[in-house]
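> Need a 3D model of the following:
(one chain, ligands or ions: 1)
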Amino acid sequence: MSEEDPRILELRAMRAKAREGGGTDRIQKQHAKGKATARERIETLLDPGTFNELEPFITSHLDDMSLSTQKYLGDGVVTGYGQIEGRIVYIYAQDFTIYGGTLSEMQSHKICHVMDLALRNGAPCVGLLDSGGARIQEGVKALGGYAEIFRRNAQYSGVIPQISVMLGPCAGGAAYSPALQDLIIMVEKQSFMFLTGPEVIKAVTGEVIDAESLGGSAIHMAVSGVAHLAAKDEHAALGLVRKFLAYLPSNNVENPPFLPNSDDPARMDESLNRLIPVDPSEPYVMHQAIETVVDKGTFLEIQPAWARNAIVGLARIGGHSVGIVAQEPAVMAGVIDIDASDKMTRFVRMCDCFNVPLVTFVDSPGFLPGIAQEHGGIIRHGAKLLYAYSEATVPKICIITRKAYGGAYVVMSSKYLGTDVTYAWPSAEIAVLGSEGAVNILFKKQIEAASDPAAERKQLAQEYREKFNNPYQAASTGYVDDIIEPRETRAKVIAALSALHDKYAPAPPRKHGNIPV
Ligand code: HXC
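Take a look at the predicted model:
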């Protein structure tokens, strides 16, 4: 057998060195924390054998200038492309074993290169993050590197899906790039996201706080609303990326994939006809309605623990990918507050930019009254939701299940915000106010003058409810398109999605709108 060409041997050695990242000791340290390496993570995420790495031999300028012979190949990030369910995705995975995955000028160059390729080729870009933020030794070069990424995040937003999976600490700039993207996935008790870490907080304010309480997944999923999904471990987090992408097109000029399944499109579930209690003050669980209407097991709820009075998520109905927006009457009666407005707005806009039709279920007594909400800017936040629904040109279908009072009727995909098909269930109550509130205002003097004001109020409220709080008033004036039995909803929505499939509703030309933020 002839000897191998030494140049081939050198290449093999270089590749092996690149795969070693920051060295076996640091890899062991990473594993000891229950964390995988960047390359292991990529292998878990992508279809087997589809990853092709780019620029593995890039090194930091610091290494180039150093007298030490040590050079960390790859400069703390592994980049390239591969496939998920046979569709191309571009990927970057920070390598914590090299300078703590921190961002340097050359790391930024590598990330920007795959972002640019993703844009030019109309494919999603997925980032697996595990980083101490800006690499301190690189000073302004690291900061400039972040700016290069942020600018691309913003300019490519709405063109290709951008997803961040937080798999370790994500400090400073490492938190802002994900915040500009479509989806942030965290790992419980493993990923932390903050602008200034516990040590800085202690130095500046004297406050002592641990990383988990400052920016762990529990905080960002339930309190800040910064994260969208959380998983128990890395494997499950990467599985969520695959699941999420299945609902989206690869870019904004494609339609989402149509994936027929075994759930009968004509299925009528009798339980839906019994879901809404006869007493309008009794709650029920909207999640149950959603799960029953969509294809079985396809509902992927986004931000399930934050602003739980609102529900948003992706699902399939008759194989069509849809975005579901709803109220949860079992939480705060489904009232719309600041956080619920923000949650629904962002989701509506994400669906709109990626051509995912919107299916909205409405049951809300309206906006949450009170000083805290007014002073917190509910007008500004609620206006975002109005803006988002008005602006959205995707097929829009709305189902009013029960209360659609006042602002809740108008804001939640009402017909004259441009909703294509509006259905009401027989339990729908479409009115400016609930019956008690309405009669208190309309018949104030009559109630005060009555011998038994409470009985008078009750009687008037009953009459008001019968006359106005029903779907027939709205149907008689064309404000809803039809009144349907709840069990018919699935078939009706599927028919509407087919009828609206080729919807063409171009927006007037403009640079961009000025959404209230
Ligand atoms: C250079 C860094 C670094 C940094 C960590 N390392 N952070 N090197 N710049 N910012 C290096 C460490 O020296 C160490 O190198 C290796 O990464 C692993 O770090 P450890 O501290 O040993 O790991 P761990 O205990 O797990 O803690 C990780 C950590 C912590 C939580 C990320 O290192 C930390 O708090 N780092 C600083 C975070 C931060 O404040 N970053 C700046 C953000 S400002 P060796 O050689 O020992 O392996 C910013 C500005 C952008 O990002 C603003 C844009 C808007």
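> Contact residues of this structure facing the ligand?
Within reach of the ligand by Cβ under 6 Å from any ligand atom, the chain has these residues: 26, 99-100, 102, 132-137, 143, 146, 169, 171-173, 176, 197. Heads up, the C-betas are built off the backbone N, CA and C, glycines and all.
> Can you say which of these are buried?
Applying 16 or more other Cβ atoms under 10 Å to the residues of the chain next to the ligand, the neighbour count classes 26, 99-100, 102, 132-135, 143, 146, 169, 171-173, 176, 197 as buried.
> and of these, the nearest to Ile379?
Set against Ile379, the nearest of those by Cβ to Cβ is Tyr176 (27.6 Å).
> Just give the nearest non-adjacent residue to the closest one, would you?
Once flanking residues are discounted, Tyr176 sits nearest to Phe150: 6.3 Å by Cβ to Cβ, 6 or more residues apart in numbering.
> Confirm for me that the one you found is in contact with Gln181.
No. Counting by Cβ atoms under 8 Å, Phe150 stays clear of Gln181, with 10.5 Å between them.
> Those two: which is more packed in?
Neighbour count, other Cβ atoms under 10 Å: between Phe150 and Gln181, Gln181 has more, with 19 against 15.
> quick one, phi/psi of the residue nearest to Tyr176?
phi -60, psi -40 (degrees, to the nearest 10).
> same check, this time on Val325
phi -130, psi 140.
> and Phe468, how many neighbours?
Phe468 is flanked by 17 other residues according to other Cβ under 10 Å.
> before we move on, what about His31?
By other Cβ under 10 Å, the residues close to His31 number 12.
> element containing it, please.
Secondary-structure assignment from DSSP states H and E places His31 in helix 24-32.
> And the contacts of that helix?
For helix 24-32, the surrounding residues in contact (Cβ atoms under 8 Å, 6 or more residues apart in numbering) are 20-21, 36-37, 96-98.
> Pick out the residue in the stretch 401-517 of the chain sitting closest to the ligand.
For the stretch 401-517 of the chain and the ligand, the shortest gap (Cβ to the nearest ligand atom) falls at Val517, measuring 18.1 Å.
> in the protein, which helix or strand is least confident?
The weakest-scoring helix or strand in the chain, judged by mean pLDDT, DSSP states H and E, is helix 61-65 (a mean of 72).
> Tell me which stretches of the stretch 401-517 of the chain form strands.
Along the stretch 401-517 of the chain, counting by DSSP state E, counting those that start in this stretch, strands occupy 421-424, 429-431, 482-483.
> I misspoke; the intended subject was the stretch 151-300 of the chain.
Using DSSP E, counting those that start in this stretch, the strands of the stretch 151-300 of the chain run over residues 162-171, 183-187, 192-194, 229-231, 300-302.
> how about the longest one: buried residues?
Within strand 162-171, the residues scored as buried using 16+ other Cβ under 10 Å are 162-171.
> Check pLDDT for those residues and point me to the minimum.
Minimum pLDDT across the buried residues of strand 162-171 is recorded for Ala171, with 88.
> Okay, Pro169 and Leu103: tell me how far apart.
Per Cβ to Cβ, to the nearest Å, Pro169 is found 13 Å from Leu103.
> Then Arg151?
Arg151 is 14 Å from Leu103, by Cβ to Cβ.
> Angles on the backbone of Ala134, please.
phi -70, psi 130.
> Not including adjacent chain positions, what is the nearest residue to it?
Ala142 (3.9 Å).
> Name the helix or strand for the one you found, please.
Residue-wise, Ala142 maps onto helix 140-156 under DSSP H and E.
> what about that helix, average pLDDT?
Helix 140-156 carries an average pLDDT of 97.
> what residue ranges in this structure score low on pLDDT?
1, 64-69 (pLDDT under 70).
> if we can go back for a sec, please compare Arg151 and Leu103 by neighbour count and tell me which comes out ahead.
Applying other Cβ under 10 Å to Arg151 and Leu103 shows that Leu103 carries more neighbours, namely 29 against 13.
> my guess is that one meets Glu148, correct?
No. Leu103 is beyond contact range of Glu148, at 10.0 Å (criterion: Cβ under 8 Å).
> What segments of the stretch 301-450 of the chain are helices?
338-353, 371-375, 378-391, 407-411, 435-442, 444-449 (DSSP state H, counting those that start in this stretch).
> Distance to Gly216 for the ones you listed - can I get that in TSV?
Output for the helices of the stretch 301-450 of the chain, formatted as TSV (distance: least, Cβ to Cβ, whole Å):
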stretch	distance to Gly216
helix 338-353	19
helix 371-375	26
helix 378-391	26
helix 407-411	33
helix 435-442	41
helix 444-449	51
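> Dump those helices to TSV, plus mean neighbour count.
Listed next are the helices of the stretch 301-450 of the chain as TSV, based on neighbours: other Cβ atoms under 10 Å:
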stretch	mean neighbour count
helix 338-353	23
helix 371-375	11
helix 378-391	20
helix 407-411	21
helix 435-442	17
helix 444-449	12
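> Of the ones you listed, which is nearest Gly215?
Each of the helices of the stretch 301-450 of the chain has some distance to Gly215 by Cβ to Cβ; the shortest is helix 338-353, at 17.8 Å.
> Tell me the buried residues in stretch 361-370?
Quick answer for stretch 361-370 (16+ other Cβ under 10 Å): 361-368.
> which one of those is nearest Ala450?
Pro365 (26.0 Å).
> Contacts only, for that closest one.
With contact taken as Cβ under 8 Å, 6+ apart, Pro365 is in contact with 333-335, 403, 405, 408, 434.
> before we move on, back to that, check which residues of the helix holding Ala142 are buried.
For helix 140-156, burial by neighbour count (16+ other Cβ under 10 Å) applies to 141-143, 145-146, 149, 152-153, 156.
> any chance of the residues you listed in a markdown table, plus distance to Met221?
Putting these into a markdown table (distance: Cβ to Cβ, whole Å) gives the following:
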| residue | distance to Met221 |
| --- | --- |
| Lys141 | 34 |
| Ala142 | 29 |
| Leu143 | 29 |
| Gly145 | 29 |
| Tyr146 | 25 |
| Ile149 | 24 |
| Arg152 | 27 |
| Asn153 | 21 |
| Tyr156 | 26 |
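> Excluding chain neighbours, what is closest to the residue in the stretch 201-350 of the chain positioned nearest to the ligand?
Of all residues in the stretch 201-350 of the chain, the one sitting closest to the ligand is Ala211 (6.8 Å; Cβ to the nearest ligand atom). The shortest distance from Ala211 to any non-neighbouring residue, by Cβ to Cβ, 6+ apart, is to Phe192 (4.4 Å).
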